[in-house]
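Engineer: quick check, what structure comes out for this input:
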Amino acid sequence: MNTDKVLKVWNLDLQILSGKAQKIQALAHTLNKAIQGGELDTEYITDVVDIMSGFAIDIENKAYELGLGQ
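Structural biologist: Next comes the predicted model:
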């Protein structure tokens, strides 16, 4: 595989990681605002945190796959 293709794949993988991190950040921000407003129950908060955890696990797995977890 030539260098250009490797860099394109690497760039795409990093964009995927970045996108998932941005989703976590957006959910965390929204959740924080809702908690401050007293609008959420424990079950909803748990569900949102579970979703965020799923994104974090995806990031960790992809980083490990790319060798970034070392």
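
Engineer: got any ranges where this structure has weak pLDDT?
Structural biologist: 1, 5-6, 68-70 (pLDDT under 70).

Engineer: what's the lengthiest helix in the chain packed up against?
Structural biologist: Looking across the chain with DSSP state H, the single longest helix is helix 3-36. Applying 3 or more CB pairs under 8 Å, 6 or more residues apart in numbering; DSSP states H and E, we find helix 3-36 packed against helix 42-66. For every residue, glycine as well, the C-beta is placed using N, CA and C.

Engineer: elements contacting the helix it packs on?
Structural biologist: Under the contact rule (3+ CB pairs under 8 Å, 6+ apart), helix 42-66 is packed against helix 3-36.

Engineer: now the helix it packs on, how far from the centre of its chain.
Structural biologist: Put simply, helix 3-36 sits 5 Å off its chain's centre (CA atoms, centre = their mean, to the nearest Å).

Engineer: for stretch 47-60, same thing?
Structural biologist: 7 Å.

Engineer: re the thing from before, quick one: the longest helix of the chain to helix 42-66, angle?
Structural biologist: Comparing the axes of helix 3-36 and helix 42-66 via axes from the mean of the first three to the mean of the last three CA atoms, to 10 degrees yields an angle of 160 degrees.

Engineer: can you list the buried residues in helix 3-36?
Structural biologist: Leu17, Lys20, Lys23, Ile24, Leu31 (16 or more other CB atoms under 10 Å).

Engineer: do stretch 54-65 as well
Structural biologist: Within stretch 54-65, the residues that qualify as buried are Phe55, Asp58, Ile59, Lys62, counting by 16+ other CB under 10 Å.

Engineer: and the first one, how far from Lys20?
Structural biologist: Pointing back at Phe55 there. 5 Å (CB to CB, to the nearest Å).

Engineer: ok, Val48 - contacts?
Structural biologist: Under the criterion of CB atoms under 8 Å, 6 or more residues apart in numbering, the neighbours of Val48 are Leu27, Leu31.
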